[in-house]
Each structure stands twice: as structure tokens, then as C-alpha cells.
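Asks: Return a 3D structure for these sequence lines:
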Amino acid sequence: MSSLGKHTRYLPVLATPTREVTGTLRISAVWHLPSLLREIEADLDEVLVAAGLPLKIFGDPDNPITYPELEQLLLACERHSNRDDFGLLIGQRSRLAEMGLAGAAARCGDYVGQGLRRFVEQFNLHDGAATMALVSAGTFTRFVYAIAEHGLTDTRQIQLGAITIAFNIVQDLCGSDWLPAAVTLACRSPANPRACQKFFRAPVRFDCHESALIFERHWLERPLPPVDPVERQRIEAELAALERQQHSDFPASVRRLIR
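Replies: Below is the predicted model of the structure:
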């Protein structure tokens, strides 16, 4: 068995939360959905009505959306576009810039590994109902996405969209020459998986126990471009203020750590 095969088979699996979690996601994750629907000639108003969401949800990238609402939104998009890989379509348009302060924190790392770890640490500022993890073993690293929200019935489009965004995030940090060694998805395959294979340019495996990008560990050592010192200071000050605010609510901090 190859080292990659051993890696994907034997690495430990993230624990699944055993209690109900309530959290929201910034709408910026699907910020380009209105323009995408226009391009494929699907009606945004009809999609939002089907999902039970107001048009004003797209008024501010910081507007929150719950995971049940996101699930219904993406399933409505799937029906109106007749694309069962809609998560791939919308995920391709979101990059590190759409991740808010978590994305800015990643840019402030000195090298890719530090940037990704900072992103993981601050991910709850962007998404309070899912987790990201960076797990290294041997010569490979996994960048893992896991939904912590309970009660969802069909997360196909969420899983596919999240890993597509994760791909863009790593490329934003590593450069366009970065590619994964493999992609795993905790959902079934679209009827035609060729678009997924073309985008990721790597083996894509569906019906897996986790959604993750698997890539060679040496990419974590790549230096990141320096950030303007004034901008870095501003970002660090915002993070410090939010950390003090979070620590003032001890039960909420414990819930985030458990997730």
C-alpha cells in the first residue's frame, strides 16, 4: 500500500459532537450567489422564497445564516439550477478574502502552516456551526472540515462547497502551483463527478468518513508574503479585543472548545 493510502486509512478521525450545537455562518461564504444565479439564468427571488429567506440577507457580508437555512438555500439552488454539484459552483467563487477576520489572521502568518493554523484557531469568527482542523502525519497533512450542527438532513452541497472554498484558501496562501494529493468528501457523488475532478485536479473520493484536502506536508513550510505592519497591528488588535470579549463568556468559550 502507498504512503498516501496508509495516510488516508489510518489517521485518527475527529470526534463527532454528541450534543446539540447552535451556530451561524457569515453570509459572505456564499456572497457571490446572486451573481452566479443571474449567470445561469436562475431567479434569485424564487430561490430565496423557496428557502424561506429575505433578500436583505445579502445586504451585508457579516449577516448571519444558520446551517438549516444554508442547507435549504443550497438545495433550492440545486433545484432551480438543475445542478446537483451546485456547492462546487458557488464554492469556486469564495476565497480567503471572504473569510473575514479569520482570513485576515491567516495572511498574518509567517509561513503557510502558521497561516492555516491561525485560520483554524479563528474559524469560529466566520462559522460558529462547523470546525476546521489541520492534521499532519508522516509526509502528508489533512485540512479537514466538519459540521458541528445537528439536525441537518442533506449536507451534500454544504460539504462540497466548503471543501471547494478550502481548496481556494490553501491556494491563496501557497500559490496557484499548489494542488492536493487527494480530496475526500463525506457525501455522495454528483451524478456526473467530472466537474469536481476537473476543478480539484486530484483524485476525488466520495462517501468518506470526513471532508478534507490531503496534501504534501512540505507546503506548510512555504513563506507567506509580508503584511503591512500597520495592517498587521490593526488585525492583531481586533483579534485581541474579540478574544477578551469571548473570554468574558466562559460557558460560550467552553462550547467552542468542545466543538
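Asks: Helix, strand, or coil at residue 190?
Replies: coil (DSSP: H, G, I helix; E, B strand; the rest coil).
Asks: residue contacts, it?
Replies: By Cβ atoms under 8 Å, 6 or more residues apart in numbering, residue 190 lies in contact with 84-85, 88, 160, 196. Glycine gets a C-beta too; all of them are placed from N, C-alpha and C.
Asks: ok, of those residues, which one's closest to residue 139?
Replies: residue 196 (24.9 Å; Cβ to Cβ).
Asks: Now the closest one: phi and psi?
Replies: phi -70, psi -50 (degrees, to the nearest 10).
Asks: Touching, it and residue 85? I think so.
Replies: Yes - taking contacts as Cβ atoms under 8 Å, residue 196 lies within contact range of residue 85: 6.5 Å.
Asks: shared neighbours, these two?
Replies: Counting by Cβ under 8 Å, 6+ apart, the residues touching both residue 196 and residue 85 are 160, 190.
Asks: thinking again about what came up before, and which of the contacts of residue 190 is nearest residue 172?
Replies: Nearest member of the contacts of residue 190 to residue 172, counting by Cβ to Cβ, is residue 88, at 17.7 Å.
Asks: neighbours of the closest one, just the number please.
Replies: 21 (other Cβ atoms under 10 Å).
Asks: how about the strands in the protein?
Replies: 24-26, 64-66, 130-137, 140-147, 182-184, 204-205, 211-216 (DSSP state E).
Asks: Could you point out which of these sits nearest residue 40?
Replies: Proximity to residue 40, assessed across these by Cβ to Cβ, is greatest for strand 64-66 (21.1 Å).
Asks: List the buried residues for the closest one?
Replies: residue 65 (16 or more other Cβ atoms under 10 Å).
Asks: swap in stretch 60-69?
Replies: For stretch 60-69, by 16+ other Cβ under 10 Å, it's 63, 65, 67, 69.
Asks: ok, now stretch 152-170?
Replies: Neighbour counts over stretch 152-170 (16+ other Cβ under 10 Å) mark 155-170 as buried.
Asks: State the mean pLDDT of it.
Replies: The average pLDDT within stretch 152-170 is 97.
Asks: so what's the closest residue to residue 78 other than its chain neighbours up against?
Replies: Distances taken as Cβ to Cβ, 6 or more residues apart in numbering place residue 86 nearest to residue 78, at 4.7 Å, with adjacent residues excluded. By Cβ under 8 Å, 6+ apart, the contact set of residue 86 is 74, 77-78, 157, 161.
Asks: From residue 36, how far off is residue 86?
Replies: Plainly put, residue 86 is 9 Å away from residue 36 if you go by Cβ to Cβ, to the nearest Å.
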